[in-house]
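Student: here is my input; please provide its structure:
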Amino acid sequence: QVHLVESGGGLVQPGGSLRLSCAASTRTLSTYTVAWFRQAPGKDREFVAALKRNSGMTSYKNSLKGRFTISRDNAKSTVSLQMNSLEPEDTAVYYCAATDRGLITSSLGSGENYDAWGQGTQVTVSS
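Tutor: Presented below is the predicted three-dimensional model:
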């Protein structure tokens, strides 16, 4: 099973940007559907973005479209999440997830469909 390690979290002011990275222990990252989820204090985990294997099709939580961008570098076996115009409501622990199973678009946002998870990285948006 692939092992995932997130990095890049931290404290940022409202309106600022952060780029999260997820290092995967596989040389065949292109065969995995990868995603980012987040969990704010006292709230359920929620879907942020996903990138389907092979096709490269992306999917985003509607309210994050235009501010967040998911991408992958297959050569480096990394998945990134570029976050712009950050708001205090974006404060959460962000998790990288992956699966080598084929997922239909409507299932990309369900955490139960992912087999591997990272330990999470804290993002705090505050002045």
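Student: quick one: buried residues of the helix or strand hosting Arg72?
Tutor: Per DSSP states H and E: Arg72 is located in strand 68-73. Neighbour-count burial for strand 68-73, counted by 16 or more other C-beta atoms under 10 Å, picks out 68-70, 72. Where you see a C-beta, it was placed from the backbone N, CA and C, and this is true even at glycine.
Student: and the strands in this structure?
Tutor: Using DSSP state E, the strands assigned to the chain run over residues 4-7, 10-12, 18-24, 33-39, 46-51, 58-60, 68-73, 78-83, 92-99, 116-117, 121-125.
Student: what helices or strands is the shortest one leaning on?
Tutor: Applying 3 or more C-beta pairs under 8 Å, 6 or more residues apart in numbering; DSSP states H and E, one finds that strand 116-117 makes contact with strand 92-99.
Student: partners of the strand it packs on in the sheet?
Tutor: strand 33-39 (antiparallel), strand 116-117 (antiparallel), strand 121-125 (antiparallel) (DSSP bridges).
Student: give me the contacts around it.
Tutor: 2, 4, 6, 9, 20, 22, 24, 32-41, 43, 45, 48, 79, 81, 111, 113-123 (C-beta atoms under 8 Å, 6 or more residues apart in numbering).
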